[in-house]
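Enquirer: Need the 3D shape of this:
(4 chains)
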2 protein chains.
Amino acid sequence: MNVLSAFHLADGPMTLSQLAKGAGMDRSAAQRMVHTLRTLGYIRRDESGNGFLPGIRILDHTLDTLRLDPLVRRATPVLQELRKSVRERIDLSLFDDLRMLYAVRLQTKRQKFYTTLVGHSVPTFCSSGGWAVLSKLSDEQVSGIVNRSDRRPFTPDTLTDAQDIKAQVQKARDDGYAIATNQILSGEIAAAFPVLNTKGDPIAAIHIAGSLAEWTQDEYIQRVVPLGQEAARAISQY
Amino acid sequence: MNVLSAFHLADGPMTLSQLAKGAGMDRSAAQRMVHTLRTLGYIRRDESGNGFLPGIRILDHTLDTLRLDPLVRRATPVLQELRKSVRERIDLSLFDDLRMLYAVRLQTKRQKFYTTLVGHSVPTFCSSGGWAVLSKLSDEQVSGIVNRSDRRPFTPDTLTDAQDIKAQVQKARDDGYAIATNQILSGEIAAAFPVLNTKGDPIAAIHIAGSLAEWTQDEYIQRVVPLGQEAARAISQY
DNA sequence: GCAAGTGTATTGCGCTGCGATACACTTGCA
DNA sequence: TGCAAGTGTATCGCAGCGCAATACACTTGC
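Expert: Numbers count the residues shown, from 1 in each chain, chains lettered A, B, ... in the order given. I've put the predicted structure just below:
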């Protein structure tokens, strides 16, 4: 697992030495591990030139993870229904401590780059989904997450000050949903709604993301919030 | 890895005993393995009731697999461009011996069920993508794949006879693309185009899938084939 | 022509994964 | 009510396997 995790830091094929360093072990040990992972299909050679890449065998486990996840199962039909009424990008992201991890994504026509990919994540502290989730946690839990986060800004407007973030969380508490503008991507507005488990803990969030070029914030809220809220309630078990 | 692979046969949370059996080992050994996989985040307990599920940590590796894959990198922008001109569902599936494994999927408004999921696969022998790939292989290789396949039909129209399949492959050889109707899903028509690596081996296929309720086969071919072919050529390296 | 990279193969020690065993708890049938 | 058959958990000791060491073939570039 350490060897496979070494790819997290990569931005292209990895050599044995790099994998060894990333996995915290000897080059020869890494080679042996790569060897067996390769026979199992979890790693493959880069076709052109040097280095190794993760193998498609991993996608089998991806499918298991998604199709067996009770939340994803429940959410998918609801999200598709939601998308029919709202013609914007719709995501389901799972709460994973400091990050929100995209599990389901339904695109629109004009989508940015390779945002198609499952497994992408955004920080909890500066995303609409994160704020929605945080709004259902206690002040101590919120502080814990905010303090432990690496609060590097994505855009000039990304909120990094702990007080500002807590204000957004408080607003989300009052409203029951969160609105984020220009946080991850400039020009983007996102509304997010918390999803709760049977105990009332937040476990995920639904996002509806649109463009500030097409909407004013008020219009967007009016249009999108009622539908999103209904969908989130349908998925929640609380 | 055996423990994680045990989930492939599951259709819900798995108990320790089931995992042990699936992984081919003792129940206590499985327990110990589950224990460490759980601390690593690769397995989690099912929230309600008994059993275990794959953990979202796996999705980190999914992201690596997709974002580092040279083919996916090259293909994504091309596919998105393609989708702007063709308003049907577009997929990129990777050739993996007996199956074609979906890596990228761009939906339309009205999509069926939970076809959203990455990692889904369809048999090579009866899918348009499979035929497209087979059309670039030798007769022996085609026979090998067809013979080794479990040729269970999906619809009443699924081709299962080896001769019929080879005829489709031959047609794809002549045309440069493959058309499949009612093979995986009744009412579906799909056009597929082979993607080649530098050596000329087929490694993937682009699909464009539409509904027979909206198109005749001839109309569909006229509309879709030129665009799909151009996209496949743009991605291929041969 | 040497140095610093690749990836590969083989050998052997010692850590770690597996099996055995025991226990607490729930469920359902006798 | 009590037993049987399931759950999941914890601990311990041996043996098999993962890791380090070593050697080698090949490419790249100074």
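
Enquirer: so where do the strands sit in chain A?
Expert: Secondary structure of chain A (DSSP state E): strands at A:43-45, A:52-54, A:89-96, A:99-106, A:121-123, A:178-181, A:188-196, A:202-211.

Enquirer: list the buried ones in whichever helix in chain A runs longest?
Expert: Using DSSP state H to define each element, chain A has its longest helix at helix A:217-235. Within helix A:217-235, the residues that count as buried by 16 or more other Cβ atoms under 10 Å in any protein chain shown are A:220-221, A:223-225, A:227-229, A:231-232, A:234-235. All C-beta spots, glycine's among them, are computed from the backbone N, C-alpha and C.

Enquirer: What are the neighbouring residues in contact with residue A:66?
Expert: By Cβ atoms under 8 Å, 6 or more residues apart in numbering or on different chains, residue A:66 lies in contact with A:72, A:103-104, A:118, B:117-119.

Enquirer: Let me know the closest of those residues to DNA strand C.
Expert: DNA strand C has its nearest neighbour among these in residue B:119, at 24.3 Å by Cβ to the nearest atom of the strand.

Enquirer: Excluding chain neighbours, what is closest to the closest one?
Expert: Using Cβ to Cβ, 6 or more residues apart in numbering or on different chains and skipping residues adjacent in sequence, the residue nearest residue B:119 is residue A:63, 3.1 Å away.

Enquirer: do the same with residue A:159
Expert: Of all residues not flanking residue A:159 in the chain, residue A:165 sits nearest, at 5.4 Å (Cβ to Cβ, 6+ apart).

Enquirer: What is the burial count for the one you found?
Expert: By the criterion of other Cβ atoms under 10 Å in any protein chain shown, residue A:165 has 23 neighbours.

Enquirer: Pull the contacting residues for the residue nearest to the spatial centre of chain A.
Expert: With distances taken as Cα atoms, centre = their mean, residue A:101 lies nearest the centre of chain A, 2.6 Å away. For residue A:101, the contact set (Cβ under 8 Å, 6+ apart) comprises A:93-94, A:119-121, B:56, B:59.

Enquirer: So which of these is the closest to DNA strand C?
Expert: Nearest to DNA strand C, judged by Cβ to the nearest atom of the strand, of the contacts of residue A:101 is residue B:56 at 21.6 Å.

Enquirer: In chain A, which residue sits furthest out from the middle?
Expert: Max radial position in chain A (Cα atoms, centre = their mean) goes to residue A:28, at 35.4 Å.

Enquirer: relative to strand A:89-96, how tilted is the longest helix of chain A?
Expert: When axes from the mean of the first three to the mean of the last three Cα atoms, to 10 degrees is applied, the directions of helix A:217-235 and strand A:89-96 differ by 60 degrees.

Enquirer: quick one: contacts of helix A:217-235?
Expert: Against helix A:217-235 from outside (Cβ under 8 Å, 6+ apart): A:71, A:74-75, A:78-79, A:81-82, A:85-86, A:88, A:176-177, A:179, A:181, A:189, A:191-195, A:204-206, A:208, A:210, A:215.

Enquirer: and what of stretch A:32-49?
Expert: Stretch A:32-49 is contacted from outside by A:3-4, A:13, A:16, A:19, A:23, A:51-58, B:1, B:70, B:197-198, using Cβ under 8 Å, 6+ apart.

Enquirer: quick one: which of these sit in helices?
Expert: The helices, defined by DSSP H, take in A:3-4, A:16, A:19, A:23, A:57-58, B:70 from the contacts of stretch A:32-49.

Enquirer: PyMOL command to pick out the buried ones of those residues?
Expert: If you want just the buried ones from the ones in helices among the contacts of stretch A:32-49 in PyMOL, going by 16+ other Cβ under 10 Å, the selection is:
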select buried, chain A and resi 3+4+16+19+23+57+58
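
Enquirer: What residues does chain A have near DNA strand C?
Expert: Taking Cβ under 7 Å from any atom of the strand as the contact definition, chain A meets DNA strand C at A:15-18, A:27-28, A:31-32, A:34-35, A:45, A:50-52.

Enquirer: Any chance of these in JSON lines with distance to residue A:125 and pLDDT as columns?
Expert: As requested, the residues of chain A next to DNA strand C are exported to JSON lines (distance: Cβ to Cβ, whole Å; pLDDT from 0 to 100):
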{"residue": "A:15", "distance to residue A:125": "35", "pLDDT": "91"}
{"residue": "A:16", "distance to residue A:125": "37", "pLDDT": "91"}
{"residue": "A:17", "distance to residue A:125": "35", "pLDDT": "89"}
{"residue": "A:18", "distance to residue A:125": "30", "pLDDT": "90"}
{"residue": "A:27", "distance to residue A:125": "38", "pLDDT": "88"}
{"residue": "A:28", "distance to residue A:125": "41", "pLDDT": "87"}
{"residue": "A:31", "distance to residue A:125": "40", "pLDDT": "89"}
{"residue": "A:32", "distance to residue A:125": "41", "pLDDT": "89"}
{"residue": "A:34", "distance to residue A:125": "36", "pLDDT": "92"}
{"residue": "A:35", "distance to residue A:125": "41", "pLDDT": "89"}
{"residue": "A:45", "distance to residue A:125": "39", "pLDDT": "90"}
{"residue": "A:50", "distance to residue A:125": "38", "pLDDT": "82"}
{"residue": "A:51", "distance to residue A:125": "34", "pLDDT": "89"}
{"residue": "A:52", "distance to residue A:125": "34", "pLDDT": "94"}
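
Enquirer: isn't residue A:65 right next to residue B:61, touching?
Expert: No - between residue A:65 and residue B:61 there is no contact under Cβ atoms under 8 Å: 9.9 Å.

Enquirer: Which one's more surrounded, these two?
Expert: Ranked by neighbour count (other Cβ under 10 Å), residue A:65 and residue B:61 place residue A:65 first, with 30 against 23.

Enquirer: wait, what's in contact with the more buried one?
Expert: B:53-56, B:58-59, B:62.

Enquirer: my read: residue A:16 touches residue A:30, true?
Expert: Yes - checked against Cβ under 8 Å, the pair residue A:16 and residue A:30 is within contact range at 5.6 Å.

Enquirer: in stretch A:162-169, what counts as buried?
Expert: For stretch A:162-169, by 16+ other Cβ under 10 Å, it's A:165-166, A:168-169.

Enquirer: Likewise for stretch A:139-152?
Expert: In stretch A:139-152, the ones that count as buried by 16+ other Cβ under 10 Å are A:142, A:145-146, A:149, A:151.

Enquirer: Which members of these are the farthest-apart pair?
Expert: A:142 and A:151 (13.6 Å; Cβ to Cβ).
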